[in-house]
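Q: Sequence isn't available, so here's the structure alone:
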């Protein structure tokens, strides 16, 4: 699919399989989500621009690459998106964090905002929008809408699983926002859950099933 990257690294696929298992413990699920978030971060930042700077090693002066410009913003969609955050911050500790609080109305499946807090200079940074599941995409579209209203221009969406319906909706609403995912599953069921999926990521991460 255009604008969609499936991260097929063996470690990502292995950890995803472990997370799908219904008997995986809350602790194990949370740890795997943290680890897979770090691995996805490697892939989604692969094309960040570099610039050469002059440094002094113990033996000589040299020119070496570093990331050019301002650093990243991680924007987890609460609550499940927070599961990616620690792993990504371990990799990029200088990143700033935006929080987008949305919940899905169980009847309409529409996204309802209850919290939003973001850095003031989103327009100068690459923003990674984080949510383990891209299902109906209602929350994803609402989050990107809100971040763009705040000035974000360079956005990327990172998820663990995506449904074809969610990809179509997010790409239709925001064709300038590329998607990185570990897998594209079959379809959504009548309740808006990804099949075969892994259940509700937030409930499994926090033990609120």
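A: Thanks, I have the structure now. Nothing here was measured: the structure is a model prediction, and the numbers come from that model.
Q: any chance you could map the strands in the protein?
A: 4-6, 50-56, 61-67, 73-78, 96-97, 99-104, 111-117, 126-130, 133-134, 154-162, 179-184, 187-188, 194-195 (DSSP state E).
Q: Dump these into JSON lines; add distance to residue 43 and mean pLDDT as well.
A: Just so you know, the C-beta spots here come from the backbone N, C-alpha and C atoms, and that holds for glycine as well. Listed next are the strands of the chain as JSON lines, based on distance: least, Cβ to Cβ, whole Å; pLDDT from 0 to 100:
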{"stretch": "strand 4-6", "distance to residue 43": "7", "mean pLDDT": "96"}
{"stretch": "strand 50-56", "distance to residue 43": "17", "mean pLDDT": "95"}
{"stretch": "strand 61-67", "distance to residue 43": "16", "mean pLDDT": "94"}
{"stretch": "strand 73-78", "distance to residue 43": "15", "mean pLDDT": "94"}
{"stretch": "strand 96-97", "distance to residue 43": "20", "mean pLDDT": "94"}
{"stretch": "strand 99-104", "distance to residue 43": "22", "mean pLDDT": "85"}
{"stretch": "strand 111-117", "distance to residue 43": "26", "mean pLDDT": "85"}
{"stretch": "strand 126-130", "distance to residue 43": "11", "mean pLDDT": "96"}
{"stretch": "strand 133-134", "distance to residue 43": "16", "mean pLDDT": "94"}
{"stretch": "strand 154-162", "distance to residue 43": "9", "mean pLDDT": "96"}
{"stretch": "strand 179-184", "distance to residue 43": "6", "mean pLDDT": "97"}
{"stretch": "strand 187-188", "distance to residue 43": "25", "mean pLDDT": "94"}
{"stretch": "strand 194-195", "distance to residue 43": "20", "mean pLDDT": "96"}
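Q: Residue 201 is nearest to which of the ones you listed?
A: strand 133-134 (5.4 Å; Cβ to Cβ).
Q: So which elements touch that closest one?
A: strand 154-162, helix 164-173 (3 or more Cβ pairs under 8 Å, 6 or more residues apart in numbering; DSSP states H and E).
Q: still on that earlier bit, could you export the strands of the chain as CSV, including mean neighbour count and distance to residue 41?
A: Converted to CSV, the strands of the chain look like this (neighbours: other Cβ atoms under 10 Å; distance: least, Cβ to Cβ, whole Å):
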stretch, mean neighbour count, distance to residue 41
strand 4-6, 16, 13
strand 50-56, 10, 17
strand 61-67, 10, 13
strand 73-78, 25, 9
strand 96-97, 18, 13
strand 99-104, 19, 18
strand 111-117, 13, 21
strand 126-130, 26, 8
strand 133-134, 28, 17
strand 154-162, 25, 8
strand 179-184, 22, 9
strand 187-188, 16, 27
strand 194-195, 19, 22
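Q: Which among those is found nearest to residue 148?
A: In terms of Cβ to Cβ, the element of these nearest to residue 148 is strand 154-162, at 7.3 Å.
Q: who's in contact with the lengthiest helix in the chain?
A: Longest helix in the chain by number of residues (criterion: DSSP state H): helix 26-44. The contact list for helix 26-44, computed with Cβ atoms under 8 Å, 6 or more residues apart in numbering, reads 5, 7, 9, 11-12, 15-16, 18-19, 24, 83-88, 90-92, 128, 130, 132, 156, 158, 160, 180, 182, 201, 204-207.
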